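*Asks:* everything below, folded, please.
(chains A and B)
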Amino acid sequence: MSIDSKEIEKVAVLSRLKFDQKQLNEVTERLTSVLDFIDQLHQADTQGIQPMAHPMDAVQRLRADKVTETNQRDKYQKVAPSTENGLYLVPKVIE
Amino acid sequence: MHNKTLSEISSGLKNGDFSSQEITRHFLDRINRLDPELNSFITVTEDQALAQAIQADKMIAAGEQQALLGVPFAHKDIFCTEDILTTSGSKMLANFVSPYDSTVAANLKLAGAVTLGKTNMDEFAMGSSNETSYFGAVKNPWDTNRVPGGSSGGSAAAVAARLTPAATATDTGGSIRQPASLCGVTGLKPTYGRVSRWGMIAFASSLDQAGPITQTAEDAALMLNAMAGFDPKDSTSVDQPVPDYRANLNDSLDGLKIGLPKEFFASGLDPKLEKTIQQAISEYERLGAIIKEVSLPNSALSVPVYYVIAPAECSTNLSRFDGVRYGYRCADPVDLEDMYTRTRTEGFGDEVKRRILIGTYVLSSGFYDAYYLKAQQARRLIKQDFVNAFKEVDLLMGPTSPSPAFKLGEKTADPLTMYLEDIYTIGTNLAGLPGISIPAGQLDGLPVGLQIIGNYFDESKLLNAAHQYQQVTDWHKTTPID
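*Replies:* As a prediction, the model looks like this:
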């Protein structure tokens, strides 16, 4: 499976990453070799095989809807780049 | 003093041969003296360590009996540690002082252990050489022109150089066992779900598992006793009782059935390394084990399957790094979109970006079935191979890595050659099985690791086999520096 730099650019936008033209060429070359390698996968006969998402096929455990943790907002917001009055600050979204 | 094992330090402390302060200071001095060259630590927590040691000495004097009371160790910098810098080897978290303890960190605190610091690692655990760390490569103490392996390269190098008697580590595709092999130490990856992932910075959640790196199997048992256990905070934690992993160390190996997967001894394996592994297996025969060839017919699929599943999960997990709640944020963002994109572009290194791109690609519309679903199906085939093998044998054995430690920079140009470093270890992660690497010889002065793979939750048998080998060999006692 080959991938061109246009497709990589699209995936980069989805990933919220940016590359300049020179980086894009290099990334395209490297990803092409990785994807070629991954394509070995298609030799496997997986007809009728159930996809495996968890090594023990465990399913999500549920718990009672009860408060178990105390509010530690101030402590957790101390590591945030920018906060004010208990809110996380980001660049203006709505004009 | 620094050549003492964790078990020896623990009994020395209980007998009053030395204090926790003395032994802690001894290791801190070694770190200060030797680590500038090795770069195995990102953070040394000298003040906190000495304060913990003073506290431990008081508790020992008061007759308290916690398993690791006063014993120093180090954490891989992937474990959140309260009020201590936790970087995951990334610029993205270079300023992140964790507000809470991971369950592993909390468990080891509860056991009384003293934290010397946080060890270096590949960025977000993505790498097999420790060269993707934002904080610089770690050097292999056996030859400082070579890599220590990765991603837990700092933990393995620090234990090998006797800068700490033990370290925590994590293994997603071989990240405990491969560096343990390349540095000549013991590294155990437990069964998936055995140790809590809570507060362990996520890479690929269906594969990540924490375990110890130590000098000996006995020490790995001691560490696992403290680390393992059900944790309601980790939705994939398995609710099974934790046995005393030391209880079966001295069992006889007479009649033990060991399988050698023929695919692990095929082309790609250094013939000299194969000979070393065969010698180790002969040792097991002398201990009474029965050796037989088995087959894992789908094992050639494991690296391609891994490089779909792991990047897919990593691209999802790493979407949380957006510059809003913690970690790095770019300067002067013009709008929200610009903030996300520049924060991530500036904060992540090249290998992490590559894996995010691969993951996003295989999960994107039109490719999901062809890659992600296909990989999950093939993953079941790989697991089934192991399940079938364990119907015939008790343990599997083979090499941990295809060659001994390689030179710094040797494999950075081509990601594929680096990915193939984990060819023998990845299958275990995909299946969720426990595996251990133990020192089993040397090639041109570089350590060679023997990998032992066990059935689900059979860590006791793995440790028993590793411990018995270490009773009749000295490879785990050889050290690169005095």
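*Asks:* rest of the way, CA atoms for contacts and neighbours
*Replies:* Noted.
*Asks:* which residues touch the residue nearest in space to the middle of chain A?
*Replies:* Most central in chain A under CA atoms, centre = their mean is residue A:15, positioned 7.1 Å from the mean C-alpha point. Contacts here follow CA atoms under 8 Å, 6 or more residues apart in numbering or on different chains; on that basis residue A:15 touches B:315, B:319, B:356, B:357, B:360.
*Asks:* narrow these to those in strands?
*Replies:* Among the contacts of residue A:15, none falls in strands (DSSP state E).
*Asks:* if we take these, which one ends up nearest to residue B:190?
*Replies:* Of all the contacts of residue A:15, residue B:190 sits closest to residue B:315, with 24.6 Å by CA to CA.
*Asks:* with adjacent residues omitted, what lies nearest to that closest one?
*Replies:* The shortest distance from residue B:315 to any non-neighbouring residue, by CA to CA, 6 or more residues apart in numbering or on different chains, is to residue B:356 (4.4 Å).
*Asks:* that older thread, out of the contacts of residue A:15, which are buried?
*Replies:* Those of these that meet the buried threshold are B:315, B:356, B:357, B:360, by 16 or more other CA atoms under 10 Å in any protein chain shown.
*Asks:* quick one: contacts for the last one?
*Replies:* Looking back up the chat, that one is residue B:360. A:11, A:14, A:15, B:311, B:312, B:315, B:316.
*Asks:* is the helix-or-strand element of chain A with minimal mean pLDDT anywhere near chain B?
*Replies:* Lowest by mean pLDDT, DSSP states H and E among the helices and strands of chain A is helix A:21-38, with a mean of 90. Yes. Judged by CA under 8 Å from any CA of the partner chain, helix A:21-38 comes into contact with chain B at A:27, A:30, A:31, A:33, A:34, A:37, A:38.
*Asks:* what is that helix packed up against?
*Replies:* Secondary-structure packing of helix A:21-38 (3 or more CA pairs under 8 Å, 6 or more residues apart in numbering or on different chains; DSSP states H and E): helix A:5-14, helix B:302-317, helix B:350-363, helix B:415-419.
*Asks:* give the next helix or strand downstream of it.
*Replies:* On the C-terminal side of helix A:21-38, the nearest following helix or strand under DSSP states H and E is helix A:73-77.
*Asks:* pLDDT of that next one, averaged?
*Replies:* In this model, helix A:73-77 has an average pLDDT of 94.
*Asks:* and the contacts of that helix?
*Replies:* Under the criterion CA under 8 Å, 6+ apart, residues A:83, A:86, A:88, B:99, B:325 lie in contact with helix A:73-77.
*Asks:* list just the nearest of those residues to residue B:448.
*Replies:* Out of the contacts of helix A:73-77, the member with the shortest distance to residue B:448 (by CA to CA) is residue B:99, at 39.4 Å.
*Asks:* can you tell if stretch A:39-53 touches chain B?
*Replies:* Yes. Counting by CA under 8 Å from any CA, chain B is contacted by stretch A:39-53 at A:39, A:40, A:41, A:42, A:44, A:46, A:49, A:50, A:51, A:52, A:53.
*Asks:* pull out the buried members of the residues you listed.
*Replies:* The neighbour-count criterion (16+ other CA under 10 Å) marks A:39, A:41, A:44, A:46, A:51, A:52, A:53 among the residues of stretch A:39-53 next to chain B as buried.
*Asks:* pretty sure the fifth one is touching residue B:377, no?
*Replies:* Yes. Using CA atoms under 8 Å, residue A:51 and residue B:377 qualify as a contacting pair, with a distance of 4.1 Å.
*Asks:* so what sits against both of these two?
*Replies:* Shared contacts of residue A:51 and residue B:377 (CA under 8 Å, 6+ apart): none.
*Asks:* hmm, back to that, quick one: buried ones out of the contacts of helix A:73-77?
*Replies:* Applying 16+ other CA under 10 Å to those, the neighbour count classes A:83, B:99, B:325 as buried.
*Asks:* just those now: which is nearest residue B:196?
*Replies:* Looking across the buried ones among the contacts of helix A:73-77 and measuring by CA to CA, the closest to residue B:196 is residue B:99, at 18.2 Å.
*Asks:* since that was my last question, I'll sign off now.
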